[in-house]
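> Need a 3D model of the sequence below.
(2 chains)
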Amino acid sequence: MAATGEELYKQREQRFNDIVALKRPDRVPVIPLVSHYFPTKIKGVSNRDAGFDHELRLRCLREATVEFGWDFVPATGLFGSDGYEAVGSLQLRWPGGDLPDDAPFQFVEGEYLKAEEYGQFLADPSGTTLSTIFPRIASGLEGLGMVPPLYFLSNMYYLQAVGGGLLAAPPVRAALQALLALGDAAAAGAAADAAHTQDAATQGYPKTWAAPIIPAFDVVSDTFRSLRGSTLDMYRHPEELLQTIDLMQVPTVALAVQAARMFGNPRIFIPMHRGAGGFMSDEQFERFYWPTFKGLVETLIDQGLIPMPLFEGDYTPRLKYLAELPAGKVAGHFDKIDRQKFKEILGDRMCFWGNVAPSLLCTGTPQQVKDDVKELIDLFGDTGALILDSGLGVPDEARPENMRALREAAEKYGVF
Amino acid sequence: MSNELTDAIVGMREDDALAIVGRELDSGIAPTVVLDEAKEAMSVLGKRFECGDAFIPELIMGGEIMKGISELVKPHLRGPGDAAKRGVVVIGTVRGDIHDIGKDVVVLMLDVNGYEVHDLGVDVPTQAFVDAIGQFKPQVVGLSGLLTLAFDSMKATVDAIAAAGLRDRVKIMVGGAPADRQVQDYTGADGWGSDVAAALNLTAQWTGGEA
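Below is the predicted model:
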């Protein structure tokens, strides 16, 4: 008798858990860590529509999960163009906004907090976020620049006189309306996602992860200071940079734990950017990046959760650090890395997930994909601690025949 | 050659480097000589990067120190004082992609290594590359991209350059985090690189010099 959806769900989750715990599974699964536009693109849906029509996008995602034989339904990162539109996002641009309908959403790095504003930010992080950073990352929130430090309003005299006056000002009201519209968009997106997650579960597919949690250094570098800014800070303002990273660490860890509980999903995606080889020296990595990242991973493990770091870029030079993480507890996903070196240094400590080149899936042939999968299974088949995926989840431009080849090769070479 | 200045720049001691430059200019050392010293230090950083002894932060911070030095030197320059350029490069992030961090580091390092660089920016249409080749007569064209959609834009750009009859006049490199040999072959480019060292090497090779 065919297995029920519930049984399949349990089997697939158990298979994943076994691989993470370095127990030999029955076979090698294909699990895209994330998926953006591939499932809609192959159905002829524009990137613009994918960003606004959540039901359509999520239905395409479930269909792709079945069609391409994935073990989990991938979570979708930063979707929800309606939310970006609601606040007039300047930091994240979206198809159908000021990007063409066929472009993917794209992040615009910038110094949204300037080096000379560190002092102000560290003295009043919430106030600076509200009145300085929000207006810079979203045109609809410009009016918040008028808001004074909120602690100044902490009595009824000033709240009534100053606060009331502000709330009567049209730019402030427009910003608050924009924030409410963002909330409406988020609620609609969350409802669609909850229904989708339930549907996928009924069909037997766990969702990859509960939430994406950006490591504290990357929050500061990617979203406040930019690569250039945070790099110069390492030389010119190291103490302020470290204080800001530490400040971010507390809510980062809390959010990760809270999201896992709220969504009933123990898996936490940790996209990593600036810790990759080449982006800083070992000394800088040890001082600025590694302590908070390691702290995040260890806390998640202590809470019984499964960290899923995406080691984006080439982490071969950092393998010695990864060996410090608890064995059999981390679902490490790799973009570019020396497979052999990984096997030598971490083969008995961490499973290996990803690393099929996006360029291969987008421009190669099915035979090339199969050859690459065979190479991976030849290397990791002895322990079976392997999950197949591209280096960065499903590339938007992957050729469908190559995504099929990934699964076919897993079935041909990866059944133990 | 002031080893002191080179050491200060390579050692990332910004304040020291600027103080040394101020002192050298005051003592009557020719501004072009001071600039050459600073550029030499940047080329040391480039070589260290290539060997894995320096990383992106050193290149960015080095570029920043260079900027400060240029500001100090500028008032002392009488003419344009441009040394002969080692070669001409046209570079840009291809259509559909608005990422510029990697490209900007490459532009910075090509510039301080003595190349004339024309940066076309991001989301550059294929025709803009064709036009720039006509206008600036580069030996090297750099196509940058971070997204997988860039593969097709790079291919379309190489095809457009060929259709305009300009393919034999330029060497084309494709670069960015996802670039590899596969992407080079797919796009019909002459070389690929995923870091600034590769861009410098290819450019040096194609303009008849040494990296």
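> Please make it C-alpha for all contacts and neighbour counts, starting now.
Noted.
> Show me how far the strand or helix carrying residue B:69 is from its chain's centre.
In the assignment (DSSP states H and E), residue B:69 maps to helix B:56-73. Averaged C-alpha coordinates place helix B:56-73 at 14 Å from its chain's average position (CA atoms, centre = their mean, to the nearest Å).
> Show me which residues of it are buried.
Buried residues in helix B:56-73, defined by neighbour count with 16 or more other CA atoms under 10 Å in any protein chain shown: B:56-66, B:68-70, B:72-73.
> residue contacts, residue A:7?
residue A:204 (CA atoms under 8 Å, 6 or more residues apart in numbering or on different chains).
> do that again at 10 Å, thanks
Residues near residue A:7 by CA atoms under 10 Å, 6 or more residues apart in numbering or on different chains: A:13, A:202, A:203, A:204.
> repeat for residue A:126
A:132, A:133, A:149, A:150.
> Can you pull the domain assignment for chain B?
B:3-76, B:88-206 (automatic domain parsing).
> With mean pLDDT as added columns, please give those domains in a markdown table.
A markdown table is the format used below for these (pLDDT from 0 to 100):
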| stretch | mean pLDDT |
| --- | --- |
| domain B:3-76 | 92 |
| domain B:88-206 | 95 |
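> Relative to chain A, which of those domains is closest?
domain B:3-76 (5.0 Å; CA to the nearest CA).
> And chain A, is that closest one touching that?
Yes. Judged by CA under 10 Å from any CA of the partner chain, domain B:3-76 and chain A are in contact via B:12-14, B:49, B:52-62, B:64.
> Could you work out the end-to-end span of that domain for me?
End-to-end distance of domain B:3-76: 22 Å, with CA to CA, to the nearest Å as the criterion.
> Then stretch A:348-356?
With CA to CA, one end of stretch A:348-356 sits 21 Å from the other.
> list the buried ones in that stretch?
So stretch A:348-356, judged by 16+ other CA under 10 Å, has buried residues A:349, A:350, A:351, A:352, A:353, A:354, A:355, A:356.
> First-to-last residue distance for stretch A:43-56?
Its start and end residues considered, stretch A:43-56 measures 10 Å (CA to CA).
> I meant to write stretch B:115-127 there.
Distance between the two ends of stretch B:115-127: 23 Å, counting by CA to CA.
> dump the residue contacts of residue 194.
I'll assume chain A. Counted by CA under 10 Å, 6+ apart, residue A:194 has contacts A:188, A:200, A:263.
> that's the wrong chain, I wanted chain B
Here residue B:194 is in contact with A:313, B:102, B:144, B:146, B:174, B:175, B:176, B:177, B:178, B:179, B:180 (CA under 10 Å, 6+ apart).
> ranking the residues you listed by neighbours, who comes first?
Within the contacts of residue B:194, most neighbours by other CA atoms under 10 Å in any protein chain shown means residue B:144, with 37 neighbours.
> That residue bridge partners, please.
Beta-bridge partners for residue B:144, by DSSP bridges, are residue B:93, residue B:175.
> right, and it touches residue B:99 too?
Yes. Contact criterion CA atoms under 10 Å: residue B:144 and residue B:99 qualify, at 8.6 Å.
> Find residues that contact each of the two.
Counting by CA under 10 Å, 6+ apart, the shared contacts of residue B:144 and residue B:99 are B:92, B:93, B:121, B:122, B:123, B:176.
> Report the contact partners of the nearest residue in space to residue B:106 that is not next to it in sequence.
Leaving aside its chain neighbours, residue B:106 sits nearest to residue B:196 (5.3 Å; criterion: CA to CA, 6 or more residues apart in numbering or on different chains). Taking CA under 10 Å, 6+ apart as the criterion, residue B:196 is in contact with B:46, B:49-50, B:56, B:59, B:102-110, B:175-176.
> What of residue A:50?
By CA under 10 Å, 6+ apart, the neighbours of residue A:50 are A:36-37, A:39-41, A:56-58, A:60, A:79-81, A:95, A:101, A:104.
> rewinding a little: who wins on neighbours among the shared contacts of residue B:144 and residue B:99?
The residue in the shared contacts of residue B:144 and residue B:99 with the most neighbours, by other CA under 10 Å, is residue B:93 (31 neighbours).
> ok, that one to residue A:299 distance?
In terms of CA to CA, residue B:93 sits 40 Å off from residue A:299.
> Which other helices and strands does the longest strand along chain A contact?
The single longest strand within chain A, with elements called by DSSP state E, is strand A:306-314. Packing partners of strand A:306-314 (3 or more CA pairs under 10 Å, 6 or more residues apart in numbering or on different chains; DSSP states H and E): helix A:5-20, strand A:267-272, helix A:290-302, strand A:333-336, strand A:352-354.
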